[in-house]
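*Asks:* Take a look and give me a structure for this.
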Amino acid sequence: MSVAEEPRRANLIARAQGILLKPKAEWDVIEAEPATIRGLFTGYACILAAIPPIALVLRHLLFIHWALIPIIVIAAISYVASLAGVFVLGFIIDALAPSFDGQKNSVQAMKLAVYPYTALWVAGVLNIVPMLSVLAVIAGLYGLYILYVGLPKLMKAPQEKTIGYFVVSIVVAIVVNFIIGAIIGAITVMLVADAAVSSAAALT
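*Replies:* The predicted structure is shown next:
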């Protein structure tokens, strides 16, 4: 690792710790700092979002022993889908802002989409062990709390409208991500079926 990469790594770790351990204080810092959508993804989301797919590959190598290529493909698809889900959530938060007397701001909205996912991404390492996967789900729920805390700060929506803003944003995001998940599920089924056929052919 080069000297130039050290501050970037330190900043990423510090941000992850801050948003997980003291989200209210960290949102105050995040609100004021300059950012770009590209920077939020390349400098943060794209790095942490890789944890769950890598854990998925390790899980199958250690415990399930599927064919490696299909698992890598599934992990890659889930990685891209995760990032797509983040972008969709940011777009929805920004689009809904005027409906809840908030201020449209695509960068601030994308911060709200990216940083709450930290809990789910970091906890994704638990997916290596099948019995611990449920803890990753709990971490995802904590991510919703982080989003709720930051929503009025970054989008300037009145506190009394925060719950409605939060609920509508999550519901719309769930619907969109359900569609994305259905597509991934269909691809996964096809890959599993191909792997099963290949394994059966190898045994004959």
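
*Asks:* Look at the spatially most central residue of the chain and give its secondary structure.
*Replies:* The chain has Tyr117 as the residue nearest its centroid, 4.2 Å off, counting by CA atoms, centre = their mean. The three-state label given to Tyr117 by DSSP: H, G, I helix; E, B strand; the rest coil is helix.

*Asks:* what's the pLDDT at the closest residue to Asp94 other than its chain neighbours?
*Replies:* Among residues not flanking Asp94 along the chain, Ala109 sits closest, at 3.6 Å (CB to CB, 6 or more residues apart in numbering). Where you see a C-beta, it was placed from the backbone N, CA and C, and this is true even at glycine. For Ala109, the model assigns a pLDDT of 97.

*Asks:* what about Ala109, distance to Gly43?
*Replies:* With distances taken as CB to CB, to the nearest Å, Ala109 is found 17 Å from Gly43.

*Asks:* Show me which of those two is the more surrounded one.
*Replies:* Higher neighbour count among Ala109 and Gly43: Ala109, with 26 against 16, using other CB atoms under 10 Å.

*Asks:* which other helices and strands contact the helix or strand harbouring Pro152?
*Replies:* Pro152 belongs to helix 133-155 when assigned by DSSP states H and E. Counting by 3 or more CB pairs under 8 Å, 6 or more residues apart in numbering; DSSP states H and E, the packing neighbours recorded for helix 133-155 are helix 5-21, helix 23-32, helix 68-96, helix 106-114, helix 118-123, helix 162-203.

*Asks:* which parts of it are buried?
*Replies:* For helix 133-155, a neighbour-count test (16 or more other CB atoms under 10 Å) marks 136, 139-140, 142-143, 146-155 as buried.

*Asks:* Thank you, goodbye.
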